[in-house]
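1. How does the following fold in three dimensions:
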Amino acid sequence: MATFPQGFTWGTATASYQVEGAVNEDGRGISIWDTFTATPGKVRNGNTGEIACDHYHRWRDDIALMQRLNISAYRFSIAWSRILPTGRGDANQKGIDFYSRLVDGLLAAGITPFVTLYHWDLPQALEDEDGWLRRGIASDFTAYADTVSRALGDRVKHWITFNEPWVFTWLGYAKGEHAPGRQSNNPGSALAATHHAYLAHGMSVPVLRQNSPDAKVGIALNLVPTDPASPKSDDAEAAAHFDGYFNRWYLDPLFRGHYPADMIELYEPYMPEIRPGDMQQIQVPLDFLGINYYTREVVAKGTQNPILGTEKVVPDGDYTSMDSEIYPEGLYNTLKRVHSEYNPKAIYITENGASFDDELTEDGRVHDDQRAAYLKAHFEAAARALEEGVPLKGYFVWSMMDNFEWAFGYGIRFGLYYVDYTTQRRILKDSGHYLAGVAKTNQT
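-> From the prediction side, this is the model:
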């Protein structure tokens, strides 16, 4: 059993496109995920977020469900196209009103809102102008952040600029697996998208602080601890390259003001334009770092990724329904490493969770013992890091409820609440009962 300190933040998380639905209501504009899901073959079973969990209409009931979890915070994202339907210009007041009501409802329930400004659903109108490949999008994002924080900044005191830049830059602009579905034979597009997103981050942080006095501002990175497949020096080098590609490329600019030198050498033919002052802008001080952790990577020297010279190795062990290795030690290692090497003022685990093939049983419950065990092991890994001096302030479980899991559609379930998508009925899983107990007692 592990114990967490009094005042530790326990929460859950969702993202706008994954739960809201109502994609054509109250002036919301089209996002890249609307376009992507409408493209045949892009999403499993042709699923879309058109209805999702209907959170746009059911948010009051969903807040009541959060209260049953005893959580003290809820992390959600704003749909840019609900605020600025074409990405810039006049604000859509109905969109602002929705999030304002949600924030007020959370505060009335004693739940602190943690707002993510960008969780991958770019307005399609901006993608039509080249999206994150266009440097000027940094100014568009900053104007959007200004609009949202002017409207909500009197009540929202925790802001996250971007969720998982690696995912929407690499999967969206290089691999084509996520919206907008662009595929490239080289990493140049992903690197340019990353740099422009990081410029947007750096430009928007002071705006958020100005509009939201006393606010805490951070960013959420998905970090993947990387182990070599063997003690061989070739495998160690491969692991270092993968770590640079996935982790250091995103950590170093924020905390050291530069991209990692070894990766710049590898990426030399593909590097984006970096203008004087860019890196200083990106290195704007943060109040906290959000870490999303799910699994680790084991790599060997190989040709699977010819630029990195790496090959993925699948170790023996337990896996989730998404074939992610269950490896709680990786969370401990990540927390310790980030604290030691980058020393952020504070850390939140902004996402951690697991997908399993949950089923509603005859007794009307969902007995997801695997997820409860997964959470317990990861909570205890986090507690160990906390005891050893890591400034961990909170833990958000992904996800509050089953939802649209991007390219996997509705076939993947991460939720603490089971969602019957036909009726929109929510059923608290055993893992949700477990979290409620932990959040109430601060003990695993």
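2. Packing partners of the host helix or strand of A192?
-> Using DSSP states H and E, A192 maps to helix 188-211. Applying 3 or more C-beta pairs under 8 Å, 6 or more residues apart in numbering; DSSP states H and E, one finds that helix 188-211 contacts helix 137-152, strand 158-163, helix 165-166, helix 172-173, strand 216-222, helix 249-256, helix 278-282. Every C-beta, even on glycine, is put in place using the N, C-alpha and C of the backbone.
3. Using TSV, lay out those together with distance to R365 and mean neighbour count.
-> Below are those laid out as TSV (distance: least, C-beta to C-beta, whole Å; neighbours: other C-beta atoms under 10 Å):
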stretch	distance to R365	mean neighbour count
helix 137-152	37	22
strand 158-163	31	26
helix 165-166	36	22
helix 172-173	38	26
strand 216-222	31	24
helix 249-256	40	20
helix 278-282	47	18
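4. and those as a markdown table, adding mean pLDDT and distance to L191?
-> Formatted as a markdown table, the helices and strands packed on helix 188-211 follow (pLDDT from 0 to 100; distance: least, C-beta to C-beta, whole Å):
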| stretch | mean pLDDT | distance to L191 |
| --- | --- | --- |
| helix 137-152 | 98 | 15 |
| strand 158-163 | 99 | 16 |
| helix 165-166 | 98 | 11 |
| helix 172-173 | 98 | 9 |
| strand 216-222 | 99 | 16 |
| helix 249-256 | 98 | 8 |
| helix 278-282 | 98 | 13 |
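5. For R371, find the nearest of those.
-> Among these, the nearest to R371 by C-beta to C-beta is strand 216-222 (19.3 Å).
6. Name the residues that touch that closest one?
-> With contact meaning C-beta atoms under 8 Å, 6 or more residues apart in numbering, strand 216-222 is reached by 116, 157-167, 201, 205, 208-209, 247, 250-251, 254, 286-294, 346, 348, 350-351.
7. do stretch 321-334 as well
-> 223-225, 291, 293-296, 314-315, 317-320, 349, 352, 354-357, 374, 377-378, 380-382, 384-385, 408, 412-413.
8. buried sites along that stretch?
-> For stretch 321-334, the neighbour count (16 or more other C-beta atoms under 10 Å) marks S321, E325, I326, Y327, P328, G330, L331, Y332, N333, T334 as buried.
9. returning to that earlier point: of the helices and strands packed on helix 188-211, which approaches I427 most closely?
-> Across the helices and strands packed on helix 188-211, closest to I427 is strand 158-163 (C-beta to C-beta), at 26.8 Å.
10. For the closest one, which outside residues touch it?
-> By C-beta under 8 Å, 6+ apart, strand 158-163 touches 15, 73, 75, 77, 112-120, 145, 149, 197, 200-201, 204-205, 208, 212, 215-220, 290, 292, 350.
11. buried residues in the biggest strand by length in the chain?
-> The longest strand of the chain (DSSP state E) is strand 297-305. For strand 297-305, the neighbour count (16+ other C-beta under 10 Å) marks E297, V298, V299, A300, K301, G302, N305 as buried.
12. The contacts of stretch 321-334 in helices, which ones?
-> Among those, the ones falling in helices (DSSP state H) are Y374, A377, H378, E380, A381, A382, R384, A385.
13. Any of the residues you listed buried? List them.
-> If we count by 16+ other C-beta under 10 Å, these have these buried: Y374, A377, H378, A381, A382, R384, A385.
14. Give the PyMOL command for selecting the buried subset of the contacts of stretch 321-334.
-> Listed next is the PyMOL selection for buried residues among the contacts of stretch 321-334, using 16+ other C-beta under 10 Å:
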select buried, resi 223+224+225+291+293+294+295+296+320+349+352+354+355+356+374+377+378+381+382+384+385+408+412+413
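15. returning to what we had before: and the angle from the helix holding A192 to strand 216-222?
-> 160 degrees (axes from the mean of the first three to the mean of the last three C-alpha atoms, to 10 degrees).
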